[in-house]
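S.K.: Return a 3D structure for these sequence lines:
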Amino acid sequence: MIAVSAEPMSQISGLLFDKDGTILDFYKTWVPINRKMALEAAGGDLALSADVLRAAGHDPDTNIVTPGAVLAGGGVEVIAASFAETLKDRAPSNLIEIIAENFRDGGAKHAILIEGAHEQMTALGSSGYRLGLATNDTVEGLEASLGKFAELRDIFEFRVGCDSGHGAKPEPGMGLAFAHAMGLAPSACAIIGDSIHDLEMGKRAGFGLRVGVLTGPAHREDLEPHADVVIDSILELAKVLDERRSVLPT
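M.R.: Numbering: from 1, shown residues only. Down below sits the predicted model:
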């Protein structure tokens, strides 16, 4: 159940989703992308690429990504800075381009939906919610990773990446742009995501509801201090929204 806040609650009309770990299966999609882009950044040196991954929060031995780490949700520039710090004078001059290309090409090749995501988004859209997608992936990466799921992609009226001109999460720009594009007050919007970055963006943007999901690297104890509610996956979101409506003042 959702705890009723002491603050006045608004009717939620807009739902802004994170992509990776929320709509897409994080590990199945991003483990091969991370490994390939680290290897390319390291000039093909396997040992050095393992160091790059570790420093960015991806254990190359177990393929577990640390919650909150750079590779758990950082944008191109943040990842490039982390890689460069490890690579030092071996960092390639086109490091940002290497990462951006892997976001795009890797997304197109490896993207796998969380089971039931398409059906859930279709149902929410049919219920009258305005749907958006905000990711720290690039716009090209977003479009490439959802390219083979075109019917799902097109359900989202608003799609934004880290290079869309609204900044990257956890800054509030993406959330504020979504609310503006939908003609909604930020308090009438919800953020749904698997990372603290997502939830912090919603807080800074003044969103009325922050929903954490456990389909990415983060654990319940990581997300609970930043979320109004934490659920196992987006498949439970409709129930959360129904429960929230039931406690709104009439």
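
S.K.: And for the closest residue to Leu152 other than its chain neighbours, the neighbour number?
M.R.: Nearest residue to Leu152, sequence neighbours excluded (C-beta to C-beta, 6 or more residues apart in numbering): His118, at 4.7 Å. Any C-beta I mention is one placed from the backbone N, CA and C, and that applies to glycine too. As a burial measure, His118 scores 15 neighbours (other C-beta atoms under 10 Å).

S.K.: what do you get for Ile191?
M.R.: Ile191: 31 neighbours (other C-beta under 10 Å).

S.K.: In a helix, it, correct?
M.R.: No. Under DSSP: H, G, I helix; E, B strand; the rest coil, Ile191 sits outside any helix and is assigned strand.

S.K.: Show me what it bridges to in the sheet.
M.R.: For Ile191, the beta-bridge assignment (DSSP bridges) gives partners Leu16, Arg210.

S.K.: Tell me the pLDDT of it.
M.R.: Here the pLDDT value assigned to Ile191 is 98.

S.K.: so how far is Ala205 from it?
M.R.: Note on Ile191: its distance to Ala205, by C-beta to C-beta, to the nearest Å, is 8 Å.

S.K.: Over to Asp61?
M.R.: According to C-beta to C-beta, Asp61 and Ala205 sit 38 Å apart.

S.K.: In terms of neighbours, single out the busier of these two.
M.R.: Taking other C-beta under 10 Å, Asp61 and Ala205 do not tie; Ala205 has more neighbours (23 against 8).

S.K.: wait, that one sits on Leu176?
M.R.: Yes. At 5.1 Å, Ala205 counts as touching Leu176 under the criterion of C-beta atoms under 8 Å.

S.K.: quick one on the thing from earlier: and for Ile191 and Ala205, which residues touch both?
M.R.: Shared contacts of Ile191 and Ala205 (C-beta atoms under 8 Å, 6 or more residues apart in numbering): Gly175.

S.K.: so who does Ser82 touch?
M.R.: With contact set as C-beta under 8 Å, 6+ apart, Ser82 has these partners: 52, 55-56, 70, 74.

S.K.: next one: Thr135
M.R.: 18-20, 141-142, 160-162.

S.K.: likewise Asn102?
M.R.: Asn102 is in contact with 33, 36-37, 40, counting by C-beta under 8 Å, 6+ apart.

S.K.: Quick check: the gap between it and Ala218.
M.R.: The gap separating Asn102 from Ala218 is 23 Å, by C-beta to C-beta.

S.K.: can you check His118 too?
M.R.: As judged by C-beta to C-beta, His118 and Ala218 stand 23 Å apart.

S.K.: repeat for Ser246
M.R.: Using C-beta to C-beta, Ser246 is found at 28 Å from Ala218.

S.K.: The two: which has the busier surroundings?
M.R.: Comparing Ser246 with Ala218 by other C-beta under 10 Å, the one with more neighbours is Ala218, at 29 against 9.

S.K.: show me what contacts the more buried one?
M.R.: Ala218 makes contact with 21, 67-68, 72, 194-196, 212, according to C-beta under 8 Å, 6+ apart.

S.K.: So it, which state does it fall into?
M.R.: The three-state assignment at Ala218 reads coil, by three-state DSSP.

S.K.: Alright, calling it a day.
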